[in-house]
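> Dropping the sequence and predicted coords here.
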Amino acid sequence: MTKMKRNTSGTVFSMNLKTVLKEKKLTAKAVAKGAEISPSTFGQWINGAAPMDLQAVYRLARFLNVDFTWLLTGKFSQPVVPALQDFFTFADASELSGIYSIEVKKLKPK
């Protein structure tokens, strides 16, 4: 079973990987161990092999604390903005007796 596709010109993935290693001052050996990837596979990725195991790339992105899509493609994924319903439950109408002042503010994603 083939896990790598060779690309001698270097891939966006390998360039991004090298950039992160340099910026975070990490060794390939330490990252491979931390992301639970074999050192030989990690070495092939650094040398331009395209990854075929996306679960391993996901573990790598999580370990390096970088965006998965950016690591693979160089483009950032759009953040998912949760709906307010994900944070609150609606109260029964019987709990809404009384006088209220209501203020409406537009929310922007962080």
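Yep, it's here.

> Contact partners for the residue nearest in space to the middle of the chain?
Nearest to the mean C-alpha position of the chain, counting by CA atoms, centre = their mean, stands Asp67 at 2.9 Å. Counting by CB atoms under 8 Å, 6 or more residues apart in numbering, Asp67 touches Ala61, Phe76, Ser77. C-beta: built from backbone N, CA, C; applies to glycine.

> Just give me the neighbour total for the first one.
Spelled out, that is Ala61. Ala61: 19 surrounding residues under other CB atoms under 10 Å.

> Repeat that for the one 10 residues further on.
Neighbours of Leu71 under the rule other CB under 10 Å: 20.

> Assign it to helix, strand or coil.
Remark: Leu71 carries the secondary structure label helix [criterion: DSSP: H, G, I helix; E, B strand; the rest coil].

> pretty sure it contacts Leu17?
Yes: if you go by CB atoms under 8 Å, Leu71 and Leu17 touch, sitting 7.0 Å apart.

> Find the residues that touch each one of these two.
Contacts common to Leu71 and Leu17, judged by CB under 8 Å, 6+ apart, are Leu60.

> could you pull out the helices for this protein?
Along the chain, the stretches classed as helices by DSSP state H are 12-24, 28-34, 39-46, 54-64, 68-73.

> before we move on, back to that, I'd like the distance between the residue nearest to the centre of the chain and Thr73.
For Asp67, the distance to Thr73 equals 10 Å [CB to CB, to the nearest Å].

> so where is this protein shaky, pLDDT-wise?
1-10, 79-81, 84-85, 90-96 (pLDDT under 70).
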